[in-house]
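J.: Mind looking at a prediction? Sequence and model below.
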Amino acid sequence: MKAIILEDEKHQQELLQDMLYQHFKHIEYVGNAGDIDSGITLINRTKPDLVFLDVILGENTCFELLDRLKKRDFDIIFTTSFEKYAVKAFRLAAIDYLLKPIDIEELKTAILKLNKKAGFDDIGFLMKNMQSLNENLDSARIALPTQMGFVIVLINEIIRCESDNNYTTFFLKNGRKILVSKTLKACENILKDFSFLRVHNTSLINLNYVKEYLKEDGGTVIMEGGFKVNISRRRKDEFLRLFSNIKL
């Protein structure tokens, strides 16, 4: 069985690769990629039997990769940083998944129960389930990759995210700041279904923590904790439309 890993976090890719080498001699690891274009190229070149597929690849989702493939004749084990929220959705869709950081026993279980019948219909069902589970925000958690490893936080504890080129700083309700090696666009793709809105090229905010809106300088919001965040002119209308529907 030939396998590839599509994962944009190098330490996660290396962890999974080492597990395959050490515990699954029958699986031939043939390569890895960290974005959609190189992932598609790798799939077409190696023709794998099994793909370990990160839900978020760079600034895109893995479902965009699957949409671009002309056919899929390999099994998929998804990997995800979400806890509870996405886990339940994956189970309902009967698709194998691994929750980061990957546990060897869970990896063994996932490989044992590979479901060769999972197809595009199941993937579409998965996305519907993920969207329908937004009400579980109180228990939804996410693993934020850092230089030292990762930090697991409740999504509803995140007030805002601020871009710093290829890095993003997460500002939490308890005052903590966490710098992650992800672009703001990638963070937006992960959080947009949780009442987060990109209001500026450098700012992603949690609408549930907006305390005040000021018309000055094109638009400014005051977040919980006293943060002031500018709203770009091209995003102002979308903000006002969504903000009017938020129950504060």
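T.: Sure, I can see it. Residues are numbered from 1 along each chain as shown.

J.: Distance of the residue of the chain positioned farthest from its centre relative to residue 209?
T.: Distance from the C-alpha centroid of the chain peaks at residue 216, with 34.0 Å (CA atoms, centre = their mean). From residue 216 across to residue 209, the span is 20 Å (CB to CB, to the nearest Å). For every residue, glycine as well, the C-beta is placed using N, CA and C.

J.: Next: residue 74.
T.: Going from residue 74 to residue 209 by CB to CB gives 42 Å.

J.: Would you map the helices across the protein?
T.: Applying DSSP state H to the chain gives helices spanning 10-23, 36-46, 62-68, 85-92, 104-112, 120-132, 184-191, 233-243.

J.: which other helices and strands contact the last one?
T.: It refers to helix 233-243. Packing partners of helix 233-243 (3 or more CB pairs under 8 Å, 6 or more residues apart in numbering; DSSP states H and E): strand 196-200, strand 210-214.

J.: Single out the most deeply packed of the ones you listed.
T.: With neighbours taken as mean count of other CB atoms under 10 Å, these reach their highest mean count in strand 196-200, at a mean of 21.

J.: Paired strands for it, with orientation please.
T.: strand 203-206 (antiparallel) (DSSP bridges).

J.: Can you give me the end-to-end span of stretch 145-156?
T.: Taking CA to CA, to the nearest Å, stretch 145-156 runs 18 Å from one end to the other.

J.: How far off centre is it?
T.: Remark: stretch 145-156 is offset 12 Å from the chain centroid, using CA atoms, centre = their mean, to the nearest Å.

J.: pLDDT of that stretch, averaged?
T.: Average pLDDT, stretch 145-156: 77.

J.: Ok, stretch 65-79 next?
T.: Stretch 65-79 comes out with an average pLDDT of 83.

J.: go on, stretch 41-54?
T.: Mean pLDDT, stretch 41-54: 92.

J.: can you give me the end-to-end distance of that stretch?
T.: Distance between the two ends of stretch 41-54: 16 Å, counting by CA to CA.

J.: Give me the residues contacting that stretch.
T.: Outside stretch 41-54, the residues that touch it by CB atoms under 8 Å, 6 or more residues apart in numbering are 1-9, 12, 16, 27, 30-33, 62, 65, 69, 73-80, 98, 111, 114.

J.: Narrow those to those in strands?
T.: 2-6, 30-33, 75-80, 98 (DSSP state E).

J.: Pull out the buried members of the residues you listed.
T.: The neighbour-count test (16 or more other CB atoms under 10 Å) marks 3-6, 31-33, 75-80, 98 as buried among those.

J.: roughly how far apart are the nearest residue to residue 204 once chain neighbours are set aside and residue 206?
T.: The shortest distance from residue 204 to any non-neighbouring residue, by CB to CB, 6 or more residues apart in numbering, is to residue 161 (4.2 Å). Residue 161 sits 9 Å away from residue 206, going by CB to CB.

J.: Perfect, I'm done here.
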